[in-house]
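1. Fold the stuff below for me.
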Amino acid sequence: MPMRPTTNTPFERFAFATVIFLTFLLPVIVIVLVFLASLLTRDANNGIMTGLMVIIVATSTFGIPIFCIASAIKIENDHLKALTKAEAELSDIVVSDMKTLPSNWKAVKTVFLSDNVVIANDYLKTFFWTFRKLVGGESTSFSRLFSRARREATVRILRKAKASGANVVWNIRYETCTIQSNYAKDGTKTIAGMEVLAYATAFTVVAG
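-> Residues are numbered from 1 along each chain as shown. Below is the predicted model of the structure:
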């Protein structure tokens, strides 16, 4: 049976769809309510309309950011747990970054494998990054982002290797790229995501 993916989980899709829905729907609702309130200024129900607008404005101002932060934390924690589980399931495959094989190994069924992943940044990390730039030092939030991307790319390589029947992934290499957003006011760029490309040679070892 194929293993469950460590990314693009049902909650990720739910959170993404919810944010898009609220982002585009709330302004429309506010405009409609303002228009109706202007028509019902002398109506006794005008207080109800005002109350609804206050609730909607408060939800858009505080609710959406809180939902985004909570979703980002859950998505990251779920991903780390899924990676740990996948790595344990694939632990029978030998992984090395060495170029030369041991003298008593004979490689058969050699295949070149590659895969990549892009992990998006979230605004909570950007918030902490803004203050980290003021004093310097390690950005642990972005370290976790890079670690997740690297581990995910490795897991995808191992899954391909297992599907091909290989028991060794050799000479694994990584290429890293940061995806940056528009320039900030201070002239710097903000990291919007991290891409990691992993490639290696997979094969089955026969004792020589």
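
2. residue boundaries of the strands in this structure?
-> 94-95, 105-120, 168-183, 189-207 (DSSP state E).

3. number of nearby residues for residue 116?
-> The tally of other residues near residue 116 (other CB atoms under 10 Å) stands at 17. Where you see a C-beta, it was placed from the backbone N, CA and C, and this is true even at glycine.

4. Pairing partners for it in the sheet, please.
-> For residue 116, the beta-bridge partners under DSSP bridges are residue 197.

5. before we move on, back to that, which among the strands of the chain is found nearest to residue 20?
-> Taking CB to CB, strand 105-120 is the member of the strands of the chain nearest to residue 20, at 13.8 Å.

6. elements contacting that closest one?
-> Applying 3 or more CB pairs under 8 Å, 6 or more residues apart in numbering; DSSP states H and E, we find strand 105-120 packed against helix 140-163, strand 168-183, strand 189-207.

7. Which residue, neighbours along the chain excluded, lies closest to residue 194?
-> In space, and not counting its chain neighbours, residue 194 is closest to residue 149: 4.6 Å by CB to CB, 6 or more residues apart in numbering.

8. Residue 167 versus that neighbour, what's the distance?
-> According to CB to CB, to the nearest Å, residue 149 stands 25 Å off from residue 167.

9. who's more crowded, these two?
-> Applying other CB under 10 Å to residue 149 and residue 167 shows that residue 149 carries more neighbours, namely 23 against 14.

10. Correct me if wrong: the more buried one contacts residue 120.
-> No: using CB atoms under 8 Å, residue 149 makes no contact with residue 120, being 10.0 Å away.

11. Run through this structure and note the low-pLDDT ranges.
-> Scanning the chain for pLDDT under 70 picks out 1-5, 29-30, 32-61, 181-189, 207-208.
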